[in-house]
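Enquirer: predicted model and sequence below, questions to follow.
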Amino acid sequence: MKRVLVSGSQSHRTRGLKTCLAALLLLTLFVPSAWSQLNWEGQTGALVTPFAYTSPSKADGLGHPEISFHYLNTGPVIGNDFQISATIGLFKIVEVGYTRALSSEGSDTNPAAPFSSLFTGGFNIFHGKVNLVPENAGKNNFIPAISVGFVARTQVQRVYGTTTTPETNQNNGDIYLVGTKTITQVKGLPIVLNAGVKGTSAVIMGIAGNAGDVNGNSAWVARAFGAVGFVLPGPAKSKLVVGSEAAQQPHYLYKVPGPTIPTTLTYFLRVLPPGKIPVNFDLGVVQAAGNIANGIDLKARHQVGMGISYRF
(Lines give C-alpha, C1' and ligand atoms only; values in the text may rest on other atoms or scores of the structure.)
Protein backbone atom coordinates (compact mmCIF):
# COMPACT_ATOMS: atom_id res chain seq x y z
CA MET A 1 0.00 0.00 0.00
CA LYS A 2 1.27 3.45 -0.88
CA ARG A 3 0.27 6.82 0.37
CA VAL A 4 0.21 10.07 -1.58
CA LEU A 5 1.67 12.61 0.85
CA VAL A 6 -0.04 15.96 1.04
CA SER A 7 2.09 19.08 0.78
CA GLY A 8 2.94 20.73 4.07
CA SER A 9 2.59 17.55 6.15
CA GLN A 10 6.10 17.92 7.51
CA SER A 11 5.42 21.47 8.68
CA HIS A 12 2.22 20.28 10.41
CA ARG A 13 4.19 17.63 12.28
CA THR A 14 6.82 20.18 13.28
CA ARG A 15 4.18 22.57 14.61
CA GLY A 16 2.52 19.68 16.47
CA LEU A 17 5.79 18.74 18.15
CA LYS A 18 6.37 22.36 19.21
CA THR A 19 2.85 22.51 20.64
CA CYS A 20 3.43 19.34 22.68
CA LEU A 21 6.73 20.62 24.07
CA ALA A 22 5.13 23.95 24.98
CA ALA A 23 2.31 22.15 26.81
CA LEU A 24 4.82 20.05 28.74
CA LEU A 25 6.68 23.21 29.78
CA LEU A 26 3.47 24.88 30.97
CA LEU A 27 2.60 21.85 33.09
CA THR A 28 5.81 22.26 35.06
CA LEU A 29 5.23 25.96 35.85
CA PHE A 30 2.04 25.77 37.91
CA VAL A 31 2.04 25.69 41.71
CA PRO A 32 0.24 22.40 42.52
CA SER A 33 -2.19 21.65 45.37
CA ALA A 34 -3.45 18.02 44.91
CA TRP A 35 -2.61 15.06 42.64
CA SER A 36 -4.59 13.46 39.81
CA GLN A 37 -4.14 10.79 37.15
CA LEU A 38 -5.16 10.79 33.49
CA ASN A 39 -4.43 8.02 31.02
CA TRP A 40 -3.38 8.05 27.34
CA GLU A 41 -6.75 9.30 26.09
CA GLY A 42 -7.44 11.71 28.96
CA GLN A 43 -9.58 9.44 31.13
CA THR A 44 -9.04 8.87 34.84
CA GLY A 45 -7.21 5.56 34.65
CA ALA A 46 -3.95 3.69 34.42
CA LEU A 47 -1.64 4.09 31.40
CA VAL A 48 -3.99 3.04 28.57
CA THR A 49 -7.12 1.68 30.30
CA PRO A 50 -9.88 3.65 32.10
CA PHE A 51 -10.76 3.27 35.76
CA ALA A 52 -14.32 3.44 37.10
CA TYR A 53 -13.27 6.49 39.13
CA THR A 54 -14.06 9.95 37.78
CA SER A 55 -12.20 13.24 37.98
CA PRO A 56 -12.94 14.85 41.38
CA SER A 57 -15.88 17.29 41.53
CA LYS A 58 -18.61 18.50 43.87
CA ALA A 59 -22.11 17.04 43.94
CA ASP A 60 -23.60 20.39 42.92
CA GLY A 61 -21.19 21.51 40.21
CA LEU A 62 -17.88 21.37 38.40
CA GLY A 63 -14.55 20.05 39.56
CA HIS A 64 -11.14 21.47 38.84
CA PRO A 65 -9.95 20.84 35.26
CA GLU A 66 -7.11 18.41 34.68
CA ILE A 67 -4.60 18.55 31.85
CA SER A 68 -2.04 16.02 30.72
CA PHE A 69 0.66 15.35 28.17
CA HIS A 70 1.63 11.85 27.02
CA TYR A 71 4.35 10.67 24.67
CA LEU A 72 5.00 7.21 23.24
CA ASN A 73 7.93 6.21 21.08
CA THR A 74 5.95 3.72 19.01
CA GLY A 75 8.99 2.52 17.07
CA PRO A 76 10.61 3.19 13.70
CA VAL A 77 7.56 2.09 11.68
CA ILE A 78 4.68 3.81 13.52
CA GLY A 79 6.79 6.75 14.72
CA ASN A 80 6.19 9.01 17.73
CA ASP A 81 2.73 9.64 19.19
CA PHE A 82 1.76 12.58 21.41
CA GLN A 83 -1.45 13.30 23.34
CA ILE A 84 -2.60 16.59 24.88
CA SER A 85 -5.69 16.18 27.10
CA ALA A 86 -8.13 18.24 29.17
CA THR A 87 -10.68 16.59 31.48
CA ILE A 88 -13.17 17.88 34.06
CA GLY A 89 -15.46 16.24 36.61
CA LEU A 90 -19.17 17.05 36.99
CA PHE A 91 -21.61 16.48 39.88
CA LYS A 92 -19.25 14.00 41.58
CA ILE A 93 -20.18 11.14 39.23
CA VAL A 94 -19.36 12.36 35.70
CA GLU A 95 -16.23 13.26 33.77
CA VAL A 96 -15.87 14.56 30.23
CA GLY A 97 -12.81 15.53 28.23
CA TYR A 98 -11.05 16.13 24.95
CA THR A 99 -7.69 14.91 23.66
CA ARG A 100 -5.80 15.88 20.54
CA ALA A 101 -3.67 13.06 19.17
CA LEU A 102 -0.56 14.11 17.23
CA SER A 103 2.21 12.15 15.56
CA SER A 104 5.50 12.34 13.74
CA GLU A 105 6.22 9.87 10.94
CA GLY A 106 8.43 6.87 11.61
CA SER A 107 11.95 6.56 10.26
CA ASP A 108 11.57 3.13 8.66
CA THR A 109 12.56 3.49 4.98
CA ASN A 110 12.39 -0.12 3.82
CA PRO A 111 11.39 0.27 0.13
CA ALA A 112 9.88 -3.22 0.09
CA ALA A 113 7.52 -2.37 2.98
CA PRO A 114 6.91 1.41 3.23
CA PHE A 115 4.50 1.26 6.17
CA SER A 116 5.58 4.35 8.13
CA SER A 117 3.42 6.69 6.05
CA LEU A 118 0.31 4.72 7.08
CA PHE A 119 0.50 5.94 10.70
CA THR A 120 0.79 9.73 10.40
CA GLY A 121 -1.75 12.45 11.03
CA GLY A 122 -3.55 13.66 14.12
CA PHE A 123 -7.13 13.08 15.21
CA ASN A 124 -9.67 14.15 17.85
CA ILE A 125 -10.70 12.14 20.90
CA PHE A 126 -13.81 12.95 22.96
CA HIS A 127 -14.61 10.95 26.06
CA GLY A 128 -17.18 10.77 28.84
CA LYS A 129 -17.85 8.56 31.85
CA VAL A 130 -20.66 8.16 34.43
CA ASN A 131 -20.18 6.43 37.76
CA LEU A 132 -23.18 4.11 38.34
CA VAL A 133 -22.11 2.55 41.65
CA PRO A 134 -19.71 4.32 44.05
CA GLU A 135 -16.94 2.32 45.63
CA ASN A 136 -17.94 0.75 48.98
CA ALA A 137 -21.60 1.64 48.37
CA GLY A 138 -23.79 1.17 51.45
CA LYS A 139 -20.64 0.88 53.59
CA ASN A 140 -19.88 -2.49 51.99
CA ASN A 141 -16.12 -2.69 51.59
CA PHE A 142 -16.33 -5.41 48.92
CA ILE A 143 -18.24 -3.32 46.36
CA PRO A 144 -16.15 -1.84 43.53
CA ALA A 145 -16.81 1.41 41.74
CA ILE A 146 -18.71 0.66 38.51
CA SER A 147 -18.97 3.08 35.58
CA VAL A 148 -19.99 3.26 31.94
CA GLY A 149 -18.23 5.42 29.39
CA PHE A 150 -17.55 6.19 25.78
CA VAL A 151 -14.71 7.34 23.53
CA ALA A 152 -15.37 8.98 20.15
CA ARG A 153 -12.50 9.57 17.69
CA THR A 154 -12.87 11.73 14.58
CA GLN A 155 -10.69 12.66 11.59
CA VAL A 156 -8.70 9.42 11.87
CA GLN A 157 -6.61 8.89 8.72
CA ARG A 158 -4.50 5.93 9.85
CA VAL A 159 -3.78 2.88 7.65
CA TYR A 160 -6.68 2.66 5.14
CA GLY A 161 -7.42 6.37 5.35
CA THR A 162 -3.88 7.23 4.23
CA THR A 163 -4.04 5.06 1.10
CA THR A 164 -6.82 7.04 -0.57
CA THR A 165 -6.54 10.28 -2.56
CA PRO A 166 -7.59 12.59 -1.02
CA GLU A 167 -7.06 11.01 2.37
CA THR A 168 -10.21 9.57 3.91
CA ASN A 169 -11.33 10.77 7.34
CA GLN A 170 -12.63 7.87 9.42
CA ASN A 171 -14.44 7.83 12.75
CA ASN A 172 -14.29 5.13 15.41
CA GLY A 173 -15.12 4.72 19.08
CA ASP A 174 -15.59 2.65 22.22
CA ILE A 175 -18.46 2.01 24.62
CA TYR A 176 -17.36 0.36 27.87
CA LEU A 177 -18.34 -0.91 31.31
CA VAL A 178 -15.60 -0.93 33.96
CA GLY A 179 -15.21 -1.81 37.64
CA THR A 180 -12.38 -0.67 39.91
CA LYS A 181 -11.56 -1.58 43.51
CA THR A 182 -8.79 -0.36 45.78
CA ILE A 183 -8.00 -3.02 48.38
CA THR A 184 -6.59 -1.58 51.60
CA GLN A 185 -6.91 -4.62 53.87
CA VAL A 186 -3.27 -5.56 53.28
CA LYS A 187 -1.39 -3.26 55.67
CA GLY A 188 1.08 -0.98 53.92
CA LEU A 189 0.29 -2.34 50.43
CA PRO A 190 -2.87 -0.94 48.80
CA ILE A 191 -3.79 -2.85 45.64
CA VAL A 192 -5.80 -1.41 42.74
CA LEU A 193 -7.77 -3.93 40.65
CA ASN A 194 -9.49 -2.89 37.43
CA ALA A 195 -11.48 -4.87 34.84
CA GLY A 196 -13.89 -4.05 32.05
CA VAL A 197 -15.32 -4.86 28.65
CA LYS A 198 -15.81 -2.57 25.69
CA GLY A 199 -17.38 -2.58 22.27
CA THR A 200 -14.89 -0.94 19.91
CA SER A 201 -14.36 -0.11 16.26
CA ALA A 202 -10.76 1.09 16.78
CA VAL A 203 -7.43 -0.74 16.72
CA ILE A 204 -4.88 0.23 19.41
CA MET A 205 -6.95 3.30 20.43
CA GLY A 206 -7.04 4.57 16.85
CA ILE A 207 -3.27 4.46 16.38
CA ALA A 208 -3.75 1.66 13.83
CA GLY A 209 -7.01 3.04 12.44
CA ASN A 210 -10.37 1.29 12.27
CA ALA A 211 -11.31 -2.28 13.09
CA GLY A 212 -12.51 -4.79 10.53
CA ASP A 213 -13.63 -8.38 10.29
CA VAL A 214 -11.71 -11.27 8.72
CA ASN A 215 -12.69 -10.00 5.27
CA GLY A 216 -11.73 -6.40 5.95
CA ASN A 217 -15.28 -5.10 6.36
CA SER A 218 -16.00 -2.49 9.03
CA ALA A 219 -16.76 -4.07 12.41
CA TRP A 220 -17.54 -3.43 16.06
CA VAL A 221 -16.21 -6.12 18.40
CA ALA A 222 -16.31 -6.83 22.14
CA ARG A 223 -12.91 -6.74 23.85
CA ALA A 224 -11.83 -7.13 27.49
CA PHE A 225 -9.30 -5.07 29.42
CA GLY A 226 -7.84 -5.04 32.91
CA ALA A 227 -5.15 -3.66 35.17
CA VAL A 228 -3.50 -4.28 38.53
CA GLY A 229 -1.40 -1.83 40.49
CA PHE A 230 0.47 -1.89 43.80
CA VAL A 231 0.94 1.31 45.82
CA LEU A 232 4.40 1.42 47.39
CA PRO A 233 6.18 4.02 49.55
CA GLY A 234 8.62 6.14 47.56
CA PRO A 235 11.45 8.53 48.38
CA ALA A 236 10.74 11.82 50.20
CA LYS A 237 7.27 10.60 51.32
CA SER A 238 6.11 10.12 47.73
CA LYS A 239 4.12 7.11 46.55
CA LEU A 240 4.88 4.76 43.67
CA VAL A 241 2.24 2.81 41.78
CA VAL A 242 3.71 -0.19 39.97
CA GLY A 243 1.40 -2.11 37.70
CA SER A 244 0.51 -3.79 34.45
CA GLU A 245 -2.40 -3.70 31.99
CA ALA A 246 -3.83 -5.89 29.26
CA ALA A 247 -6.19 -4.59 26.57
CA GLN A 248 -7.51 -6.96 23.92
CA GLN A 249 -7.56 -5.50 20.41
CA PRO A 250 -9.77 -6.24 17.40
CA HIS A 251 -7.90 -8.91 15.45
CA TYR A 252 -8.33 -7.33 12.03
CA LEU A 253 -7.96 -3.96 10.31
CA TYR A 254 -10.56 -2.22 8.16
CA LYS A 255 -9.95 -2.82 4.42
CA VAL A 256 -6.76 -4.75 5.20
CA PRO A 257 -7.65 -8.46 5.50
CA GLY A 258 -4.88 -10.75 6.67
CA PRO A 259 -2.83 -9.01 9.41
CA THR A 260 -3.84 -9.87 12.99
CA ILE A 261 -3.33 -7.52 15.95
CA PRO A 262 -2.28 -8.92 19.36
CA THR A 263 -3.38 -7.88 22.85
CA THR A 264 -1.74 -4.67 24.05
CA LEU A 265 0.29 -5.10 27.25
CA THR A 266 1.80 -2.37 29.41
CA TYR A 267 4.07 -2.16 32.44
CA PHE A 268 3.94 1.18 34.21
CA LEU A 269 5.34 3.19 37.09
CA ARG A 270 3.35 6.15 38.41
CA VAL A 271 5.01 8.65 40.75
CA LEU A 272 2.73 10.52 43.17
CA PRO A 273 4.48 13.46 44.90
CA PRO A 274 4.01 13.92 48.69
CA GLY A 275 1.21 15.89 50.26
CA LYS A 276 -1.46 17.53 48.13
CA ILE A 277 0.68 18.21 45.08
CA PRO A 278 -1.68 17.77 42.09
CA VAL A 279 0.87 16.36 39.64
CA ASN A 280 1.78 12.80 38.80
CA PHE A 281 4.27 11.29 36.40
CA ASP A 282 3.95 8.08 34.41
CA LEU A 283 6.65 5.95 32.86
CA GLY A 284 5.76 2.82 30.94
CA VAL A 285 6.70 0.13 28.49
CA VAL A 286 4.06 -0.79 25.91
CA GLN A 287 3.89 -4.00 23.89
CA ALA A 288 1.66 -3.05 20.97
CA ALA A 289 2.36 -4.98 17.74
CA GLY A 290 5.26 -6.78 16.08
CA ASN A 291 4.94 -9.29 13.24
CA ILE A 292 1.25 -9.05 12.33
CA ALA A 293 1.56 -10.89 9.00
CA ASN A 294 4.21 -12.33 6.68
CA GLY A 295 6.47 -9.45 5.70
CA ILE A 296 4.70 -6.92 7.98
CA ASP A 297 6.62 -6.09 11.17
CA LEU A 298 5.39 -2.97 12.98
CA LYS A 299 8.37 -3.15 15.40
CA ALA A 300 6.33 -1.88 18.36
CA ARG A 301 6.70 -4.59 21.00
CA HIS A 302 8.76 -2.87 23.70
CA GLN A 303 8.13 0.85 23.37
CA VAL A 304 8.85 3.43 26.06
CA GLY A 305 6.34 6.14 26.96
CA MET A 306 5.86 8.85 29.55
CA GLY A 307 3.09 11.09 30.83
CA ILE A 308 2.44 13.99 33.19
CA SER A 309 -0.92 15.08 34.61
CA TYR A 310 -1.88 18.21 36.52
CA ARG A 311 -5.13 19.17 38.27
CA PHE A 312 -5.78 22.87 38.93
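Expert: It's in.
Enquirer: which non-adjacent residue is nearest Leu265?
Expert: The shortest distance from Leu265 to any residue other than its chain neighbours is 4.2 Å, reached at Gln287 (C-beta to C-beta, 6 or more residues apart in numbering). For glycine as for every other residue, the C-beta is placed from the backbone atoms N, C-alpha and C.
Enquirer: can I assume the one you found is in contact with Val304?
Expert: No - because the distance of 11.3 Å does not satisfy C-beta atoms under 8 Å, Gln287 is recorded as not touching Val304.
Enquirer: more neighbours: which of those two?
Expert: For Gln287 versus Val304, neighbours defined as other C-beta atoms under 10 Å are more numerous around Gln287 (16 against 12).
Enquirer: and Val231, what does it touch?
Expert: Contact partners of Val231, counting by C-beta atoms under 8 Å, 6 or more residues apart in numbering, are Leu189, Pro190, Ile191, Val192, Lys239, Leu240, Val241.
Enquirer: secondary structure class for the closest residue to Gly173 other than its chain neighbours?
Expert: Once its chain neighbours are removed from consideration, Gly173 has its nearest residue in Ala152; the separation is 4.5 Å (C-beta to C-beta, 6+ apart). Using DSSP: H, G, I helix; E, B strand; the rest coil as the criterion, the local structure at Ala152 reads strand.
Enquirer: going forward, begin numbering at 179 instead of 1
Expert: In the new count, where the first residue is 179, that last one comes out as Ala330.
Enquirer: ok, what's across the strand from Ala330?
Expert: On the basis of DSSP bridges, Ala330 is bridged to Phe304, Gly351.
Enquirer: tell me how many other residues surround it.
Expert: That count, for Ala330 with other C-beta under 10 Å as the rule, works out to 15.
Enquirer: ok, it to Ser281 distance?
Expert: From Ala330 over to Ser281 the distance is 19 Å, taken as C-beta to C-beta, to the nearest Å.
Enquirer: same deal with Pro243?
Expert: Using C-beta to C-beta, which is the criterion applied here, Pro243 is 25 Å from Ser281.
Enquirer: then Leu296 would be within a helix, right?
Expert: Yes - going by three-state DSSP, the assignment for Leu296 places it inside a helix.
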